[in-house]
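Undergrad: sequence? don't have it. structure:
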């Protein structure tokens with residue numbers, strides 16, 4: 001059973017400039033994700049890809065080639081409108097699927113985003129255990145703090161109303177504990193059978209299992225506030 005993990009990291013970030021290089025508790029943000037993937041000890045190959053020469057040099061300088069291999073990401077997969085799944089598909093077709101023999105070099109393909117640095121190696125190990133033969137994929141999720149059914153909308157005159165058809169605020173059904181628990185992906189872990197990925201080219205299918213992580217390990221860093229919060233949690 002062979003497994004490959006791909007860690008994609010763009011060089012540009014508008015909301016938090018150079019965020020992948022920012023020091024989080026003494027080491028660059030990207031190193032937290034790389035270290036958890038290495039420490040899980042479940043991957044036969046770990047690929048780190050970026051459009052930034054600076055980031056690639058930092059990774060190749062600090063990690064031996066036998067632990068992690070770096071690739072320059074094509075520019076068409078590193079613009080503001082490109083999707084991460086396009087990058088994963090690109091490397092799948094070049095590293096995972098053997099087009100000549102019509103076979104797979106790796107049985108499973110995994111992805112970890114560096115913007116979710118608080119995932120642990122144990123999270124990866126436990127998620128891996130959920131990727132059984134009768135499902136397509138596993139994705140890490142966390143519970144949504146505020147029930148989406150209680151969200152509001154505002155019109156052009158700033159009049160607010162319930163966004164949900166049940167109109168919980170108008171009907172007095174506003175206790176959060178009375179609303180169903182919802183979840184969202186946190187970007188920490190994605191895993192899939194290669195044969196399934198070739199079929200769907202998407203980690204989400206009708207046979208995807210969720211690996212639930214607590215909110216304190218599910219921070220997805222997109223702003224300075226997220227970064228400062230992650231630092232406080234690590235310090236605690």
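TA: That came through fine. As the structure is a computational prediction, the values presented were derived from the model and not from experiment. Residues are numbered from 1 along each chain as shown.
Undergrad: Can you give me the neighbour number for residue 121?
TA: A count of nearby residues for residue 121, using other Cβ atoms under 10 Å, gives 15. Glycine gets a C-beta too; all of them are placed from N, C-alpha and C.
Undergrad: What pLDDT does the model give the closest residue to it other than its chain neighbours?
TA: Counting by Cβ to Cβ, 6 or more residues apart in numbering, residue 39 is the residue found nearest to residue 121 once chain neighbours are left out, at 3.7 Å. Predicted confidence (pLDDT) for residue 39: 97.
Undergrad: In a strand, residue 39, correct?
TA: No: under DSSP: H, G, I helix; E, B strand; the rest coil, residue 39 falls outside any strand and is assigned helix.
Undergrad: longest strand of the chain?
TA: strand 183-193 (DSSP state E).
Undergrad: Quick one: list the elements packing against the following helix or strand past that one.
TA: Counting by DSSP states H and E, the next helix or strand C-terminal to strand 183-193 is helix 194-200. Counting contacts by 3 or more Cβ pairs under 8 Å, 6 or more residues apart in numbering; DSSP states H and E, helix 194-200 is packed against strand 108-111.
Undergrad: how far is whichever helix or strand comes after the strand it packs on from where the chain is centred?
TA: Next along the chain after strand 108-111, taking DSSP H and E as the criterion, comes helix 121-130. On the basis of Cα atoms, centre = their mean, to the nearest Å, helix 121-130 is displaced by 14 Å from the centre of the chain it belongs to.
Undergrad: Quick one: work out the angle between helix 121-130 and strand 183-193.
TA: 70 degrees (axes from the mean of the first three to the mean of the last three Cα atoms, to 10 degrees).
Undergrad: For helix 121-130, list every residue counted as buried.
TA: Neighbour counts over helix 121-130 (16 or more other Cβ atoms under 10 Å) mark 123-124, 126-128, 130 as buried.
Undergrad: just the residues you listed now: which is nearest residue 7?
TA: Closest approach between the buried residues of helix 121-130 and residue 7, by Cβ to Cβ: residue 124, at 11.8 Å.
Undergrad: State the distance from the residue nearest to residue 121 to residue 123.
TA: In this structure, residue 39 lies at 11 Å from residue 123, with Cβ to Cβ, to the nearest Å as the measure.
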